[in-house]
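Q: below: sequence and its predicted model.
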Amino acid sequence: MLGWVFPLLVIGGLAMLPWLAESRRHSVDFFREKAPGRFAKLSQGVTHYQWLGGVRGPVVVCIHGLTTPSPVWYAIAGGLAKLGHRVLVYDLYGRGFSDAPRGAQDAEFFTTQLADLLDHQGLTKDVTLMGYSMGGSIATHFAAAHPNCIRRLILLASGGMWLREDKVTELSRETPVLGDWLHAVIGARRDRQALRRQLGQVFDVEKIIELQLAEYQSQGFLRSVLSSRRNMLADFQEDQHRTIGRADISVIGIWAERDEVIPLKSLGTLTQWNRSVRQEVIPDADHSVGFTHATQIVKVLRDVLREDA
């Protein structure tokens, strides 16, 4: 009987690792003293947001991806501001300085956050939505559900079509309980190591790697990421894109040539769903395109926005 004690203690200790790690993390309130921008108390929790650019001009609302907080847009927003646009960026729930409410982070969850924020800011029409990676999936759902307030949809390396996952990520997403443990222990450690290898590199957004690493010290972040993988990123958005096409909303797709997360075949799929979409490819860029090739993206947007004015 005693021979089972040690193995059971080891198994119990391993099982407790995610809980122990989460208990050592800080609540988001700990980080908010240093937050730029403002906060809005919305129906599902507090959302952190910033206005960038001038006080007048056409509005672009930017939605970040799975793990990159809202500063990922700073370089692109700076370019849009020079083109005369006002840019609204915000942190999705569970990221950056926003709350991390519990529950399934699915299309309805994120669409409600965006609808609440737009209502809070008095934005009811002529809004350009720009989404990066999972943010593209969120923007697509919102545009399909609220076509009357959307002027234009810009998708940067967008989800909702094709997605590549490694085996650990796939198993974490598909397997209850064990998947939660894998995500919180193995996946999180691997992802942090990958980010640390990028420290010291020069990006278009200053300290973007440090900002991503800091999220791993915030309570609710890992839970939110896994919930989004299970409920949002797994979404295949053919119906939404066909609805957007019928609504005659202008759609621009921008893709990264060497993207290993969102493969370039998404370009062809989007064309099948919406024949009127305009598509551009950023050469030699990977999935970090939003903060490595901001100048090229702004150049594409400058031409598109001028033609579409």
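A: Yep, that arrived.

Q: next, residue 202: secondary structure please.
A: coil (DSSP: H, G, I helix; E, B strand; the rest coil).

Q: ah, wrong one, I meant residue 99
A: coil.

Q: hey, where'd the strands end up in this protein?
A: 38-42, 45-52, 59-63, 86-90, 127-132, 150-156, 250-256, 278-282 (DSSP state E).

Q: only the buried residues of the last one, if you could.
A: Counting neighbours by 16 or more other C-beta atoms under 10 Å, one finds that the buried residues in strand 278-282 are 280, 282. All C-beta atoms are positioned from the backbone trio N, CA, C, and that covers glycine.

Q: using PDB, write out every CA atom in that strand.
A: What follows is strand 278-282, C-alpha atoms only, in PDB (Å, rounded to 0.1, in the frame of the first residue of the first chain):
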ATOM      1  CA  ARG A 278      -9.100  42.700 -53.000                       C
ATOM      2  CA  GLN A 279      -6.100  40.800 -51.800                       C
ATOM      3  CA  GLU A 280      -2.400  41.600 -51.300                       C
ATOM      4  CA  VAL A 281       0.600  39.600 -50.200                       C
ATOM      5  CA  ILE A 282       3.500  41.000 -48.100                       C
END
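
Q: was I right about residue 32 contacting residue 97?
A: Yes: the criterion here is C-beta atoms under 8 Å, and residue 32 meets it with residue 97 at 5.4 Å.

Q: comparing the two, which residue is more hemmed in?
A: Neighbour tally, residue 32 and residue 97, criterion other C-beta atoms under 10 Å: the higher count belongs to residue 97, 24 against 14.

Q: which residues touch the more buried one?
A: 28, 31-32, 35, 39, 48, 69, 91 (C-beta atoms under 8 Å, 6 or more residues apart in numbering).

Q: let's see 10 Å
A: Taking C-beta atoms under 10 Å, 6 or more residues apart in numbering, we find residue 97 in contact with 28-29, 31-37, 39, 46-50, 69-70, 90-91, 218.

Q: common neighbours of residue 32 and residue 97, please.
A: 39, 46, 48.

Q: select from those the one having the most neighbours.
A: residue 48 (24 neighbours).

Q: now that one. Nearest residue, chain neighbours left out?
A: In this structure, residue 48 finds its nearest non-sequential neighbour in residue 97, 3.7 Å apart by C-beta to C-beta, 6 or more residues apart in numbering.
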